[in-house]
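>>> Give me the fold of what follows.
(4 chains)
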Protein chains: 2
Amino acid sequence: MKESGNPHRKLLQSIQADGSLSLADLSEKAGMSQSSTWRKIQELESDGVIRKRVTLLDPGKLDLKLCVIAHVTLEDHHEETVASFASVVSERPEIMECYALSGAFDYMLKIRARDVESYEAFMTHYLLRNRRVRTVVSSFVLRELKFSTELPI
Amino acid sequence: MKESGNPHRKLLQSIQADGSLSLADLSEKAGMSQSSTWRKIQELESDGVIRKRVTLLDPGKLDLKLCVIAHVTLEDHHEETVASFASVVSERPEIMECYALSGAFDYMLKIRARDVESYEAFMTHYLLRNRRVRTVVSSFVLRELKFSTELPI
DNA sequence: TATGAAAAGGGGTTGCT
DNA sequence: AGCAACCCCTTTTCATA
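The predicted structure follows:
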C-alpha cells in the first residue's frame, strides 16, 4: 500500500517470471538503479510480499504421472473435525494444494501420485478411512493446460 | 533415469524447498562435493527435470484477495472448440492453473482476481461470452489451507 | 571417464558520498 | 540514489584415481 509505480510492478513481474535473474538484469528491466533494485527486493522480502524462492520440477520426469482433483465434504464443521482434516492436509506431501470452498463441496484438493495404485492407497489410508470425511469425489487430470505461479499484477 | 541414490533425492528436495540456497548449502545437505552438486544441477536443467526457478509472491499483499475454482464444460470437443478455449487459457494471466478432467466437467480452472467485481467482469468477458462454453460453475475460495510447489519425492 | 580440489571470475552486499 | 570496494559464490580448470 503505497506508490505502486511502474518500475516496482516491473520488478515484481520479473522476479515472479524468473527467479534466476541477476540484479543487473532486474534493474535494467525495471528501469531503476542496481542499488534501488536491491533495496526494494529486501523491502519486499521483509514485508512478506516475497514469500519464497523455489525451483519448479517436472512431475512427469520424476515418475509422478498422476494428478487428481478431489472434492471433499466433511460430516460436520466442528472445530476438531476441521482441525483433524487440516492436519492431514498439512502433513501429507501428496496433497499439493487445498482450498476451502463455497458451494457444494467443503474442500478442493490437488493431489500428485506415482500412479493409480498409489493414489488409491493414499486415498484409502488418509481420506476414506477418516470418519470425519463424508464424501470424496476424485477427478483425474487428463492434461495440464496451464500451471503458473505468476500472479496477474 | 538411472542411479536414483539418496543424495540426488536430497538435492532435488532441497532445491524444491528453497531456490536461494547456495551450492555450498546444497552440497552439504545432499552429502556430496560441490563439484558433483554443480554438475548434477546442470544435468537436471538440461534434462528438463528442473523446469524453472521462480519467486512466489503473496496474493493478499498485492490486492488479489479473490481466488476462484471454476469448472467448465464445452459445447463439444471439436478441435477448433478446444483450441479456442485453450488459447483463452494461455492468454489470460488471471487463469493461473487449468486442467482437463475426467468426470462431470471438462476443465478445472484456478483464477485470481482483485475482487468479486473484477472476477465477474473477467468471467463475463472471457468465459460466458464464448459460445463454445456451455457451463461455468464458480466456487469461491474461502481459505487457502495449502499451496505447495514441492513434489512428493 | 568420473570425481574432488582449488583457482579465477562475476555478482551480490555493504558503506560512504 | 549512485558509486565503489569487498567478499562470497558460481564457474572453470586442473589433477587424481
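>>> CA only for contacts and neighbour counts going forward, please
Will do.
>>> Show me the shaky parts of chain A.
Counting by pLDDT under 70, chain A shows low-confidence ranges at A:1-5.
>>> Let me see the domain layout of it.
Under the assignment automatic domain parsing, the domains of chain A span A:7-46, A:59-140.
>>> any idea how far the closest residue in space to A:G31 that isn't next to it in sequence lies from A:S14?
Distance criterion C-alpha to C-alpha, 6 or more residues apart in numbering or on different chains; nearest residue to A:G31, sequence neighbours excluded, is A:P7 at 6.2 Å. Shown here: A:P7 relative to A:S14, a distance of 10 Å by C-alpha to C-alpha, to the nearest Å.
>>> quick one, which of these two is more surrounded?
A:S14 (21 against 16; other C-alpha atoms under 10 Å in any protein chain shown).
>>> Please verify my assumption that that one contacts A:E28.
No: using C-alpha atoms under 8 Å, A:S14 makes no contact with A:E28, being 10.5 Å away.
>>> list the contacts for the closest residue to DNA strand D within chain A?
Closest to DNA strand D within chain A is A:S33: 3.8 Å, counting by C-alpha to the nearest atom of the strand. A:S33 is in contact with A:S27, counting by C-alpha atoms under 8 Å, 6 or more residues apart in numbering or on different chains.
>>> Got phi/psi on it?
Main-chain torsions, A:S33, degrees, to the nearest 10: phi -70, psi 160.
>>> which residues in chain A form strands?
Here chain A has its strands, by DSSP state E, at A:50-57, A:66-74, A:95-101, A:107-113, A:133-147.
>>> Near the residue of chain A found nearest DNA strand C, how many other residues are there?
Going by C-alpha to the nearest atom of the strand, DNA strand C is nearest to A:S22 of chain A, at 3.1 Å. Other residues near A:S22 number 12, with proximity taken as other C-alpha under 10 Å.
>>> For A:P7, see how far away the closest residue to A:R112 other than its chain neighbours is.
Counting by C-alpha to C-alpha, 6+ apart, the nearest residue to A:R112 once its immediate chain neighbours are dropped is A:C67, at 4.6 Å. Here the criterion is C-alpha to C-alpha. By it, A:C67 lies 38 Å from A:P7.
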